[in-house]
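Enquirer: This is the structure alone, sequence omitted:
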């Protein structure tokens, strides 16, 4: 999440996934945004840095393979015009759009790939993930991109795809997961709309709190959980 130049909050698909893992982490992200300097997030450990680097490498390898397979790839450079450039690429029918900038109704993000399929009236949303099997958060994230695509005037894709770390590409019917996504988004926005800087959610000791793990542990100790 971040604030635009006008002070408006803008969320990403990852924010919803993080909320599902830890509402406490989402609250801390908002607190950090509203009161910069009052809290400091944990630094990524060496293992997480390696995983992030491997994820970037996996995405680059997938992109390279698409080009080797003869697929026409349009790369969207990040700029103030990237959303408009993405719309133009979709309307032209560009085969593969890399780093497509999607935005609608308070959410924005860069989809790894959009694929214009000849048999479809819209684009499929593809995401590369280092894992060897799909996880629920992947589908929540892809449904958010699908909704943004629909909000930008295109047809919501019937399927979304995940390119896994073992080379497998898995397809999923968007409709099978869209209701769960809408409920997750509703709960996340409810937390954001009712944000109280003096009332943090109690962290779940079993959850992954990401960059706020040490803060969650201190909170649990303080409250003698």
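Expert: Great, that's in hand. Not measured: the values here are computed from a predicted model.
Enquirer: Please, where are all the strands along this structure?
Expert: 2-3, 9-10, 73-75, 96-104, 107-116, 123-128, 159-163, 169-173 (DSSP state E).
Enquirer: contacting residues around the third one?
Expert: Read it as strand 73-75. Contacts of strand 73-75 from elsewhere in the structure, counted by Cβ atoms under 8 Å, 6 or more residues apart in numbering, are 63, 66, 67, 89, 94, 95, 96, 97, 98, 99. C-beta here means a position set from N, CA and C on the backbone, and glycine is covered the same way.
Enquirer: Buried only: go through these for me.
Expert: 63, 66, 89, 94, 95, 96, 97, 98, 99 (16 or more other Cβ atoms under 10 Å).
Enquirer: quick one, which of the strands of the chain is nearest to residue 179?
Expert: Nearest to residue 179 among the strands of the chain is strand 169-173 (12.0 Å), distances taken as Cβ to Cβ.
Enquirer: For the closest one, which residues meet the burial criterion?
Expert: Within strand 169-173, the residues scored as buried using 16+ other Cβ under 10 Å are residue 172.
Enquirer: Quick check: neighbours of that strand in the sheet, parallel or antiparallel?
Expert: strand 159-163 (antiparallel) (DSSP bridges).
Enquirer: neighbours around residue 110, how many?
Expert: 17 (other Cβ atoms under 10 Å).
Enquirer: burial measure for residue 182, as a count.
Expert: Residues lying near residue 182 (other Cβ under 10 Å) number 14.
Enquirer: how close does it get to residue 202?
Expert: 26 Å (Cβ to Cβ, to the nearest Å).
Enquirer: List just the nearest of the buried ones among the contacts of strand 73-75 to residue 197.
Expert: Using Cβ to Cβ, residue 99 is the member of those that sits closest to residue 197, with 34.3 Å.
Enquirer: burial count for residue 41?
Expert: 15.
Enquirer: and the angle for the lowest-mean-pLDDT helix or strand in the chain with strand 107-116?
Expert: The weakest-scoring helix or strand in the chain, judged by mean pLDDT, DSSP states H and E, is helix 46-68 (a mean of 87). Orientation of helix 46-68 against strand 107-116 (axes from the mean of the first three to the mean of the last three Cα atoms, to 10 degrees) gives an angle of 30 degrees.
Enquirer: Check the offset of helix 46-68 from the chain's centre.
Expert: 16 Å (Cα atoms, centre = their mean, to the nearest Å).
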